[in-house]
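Colleague: next come a sequence and a model predicted from it.
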Amino acid sequence: MTSALIIGRFQPFHRGHLRLIKEAAKEADHILIGIGSSQLSRTKDNPFTSEERRETIIASLKDMPGKLSLYDIPDIGNNDLWVAHVEKIVPKYDVVYTNGVLERSLFAKAGYQVHATGLFNRDKYSGTEIRRRIRSNEKWRHLVPEGTLKILKKIKGTETIKSLNNP
Ligand code: ATP
Ligand code: MG
């Protein structure tokens, strides 16, 4: 049984994240999702709590029951200790999927197999871009899965994003 780790802040969970997870699920039997910067919420760059983000992920991946486990990963602000920190929280995994350069090098240095898929439609499938579009009343709903839409509607997520200006 192969398990794959994917870490993200998912602010919010978008179609780029979905593609990354679907790629990992082609190879791995189990997907471990780490919610990064889990301690942060209600700031401009991290509007949603880890619990709210968890809800968007589960609602967007309804077709993968039993294949998913989610973990909160708070920041420690130290790259050298990052992988050991993740290992303390997340059970054993065989491969890491990431398109992040720093994350890739940290996990590779610790001996993990790391896969990158490349970024899909990065000009649009980007948390920063989606938050910007919401703030400026531009079209954004097509950039996130139905599950994210449903939860953001429930928690009044666009209002939350528009109300926050602190970085
Ligand atoms: P932000 O702009 O807020 O940093 P983000 O879109 O970069 O948000 P993250 O939560 O930082 O999303 O990224 C989580 C993981 O998803 C990382 O490995 C990142 O490289 C990957 N990722 C983000 N966007 C895409 C995309 N469009 N296609 C594929 N992978 C992506
Ligand atoms: Mg990012």
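Modeller: Nice, I can see it. Numbers count the residues shown, from 1 in each chain. Ligands and ions are numbered 1, 2, ... in the order given.
Colleague: hmm, Met64 is touching Ala25, no?
Modeller: Yes. Here Met64 reaches Ala25: they are 6.6 Å apart, a contact under Cβ atoms under 8 Å. C-betas here are computed from N, CA, C, even on glycine.
Colleague: what residues do the two have in common as contacts?
Modeller: Counting by Cβ atoms under 8 Å, 6 or more residues apart in numbering, the common neighbours of Met64 and Ala25 are Ile31.
Colleague: more neighbours, the two?
Modeller: Between Met64 and Ala25, counted using other Cβ atoms under 10 Å, the more crowded position is Ala25 (19 against 14).
Colleague: contacts only, for the more buried one.
Modeller: Counted by Cβ under 8 Å, 6+ apart, Ala25 has contacts Ala4, Ile31, Met64, Lys67.
Colleague: phi, psi for it please.
Modeller: Taking degrees, to the nearest 10, you get phi -70, psi -20 for the backbone angles of Ala25.
Colleague: if I look at it, how far off is ligand 1?
Modeller: Going from Ala25 to ligand 1 by Cβ to the nearest ligand atom, to the nearest Å gives 14 Å.
Colleague: and Leu40, what does it touch?
Modeller: Each residue near Leu40 by Cβ under 8 Å, 6+ apart is listed here: Asn46, Asp75.
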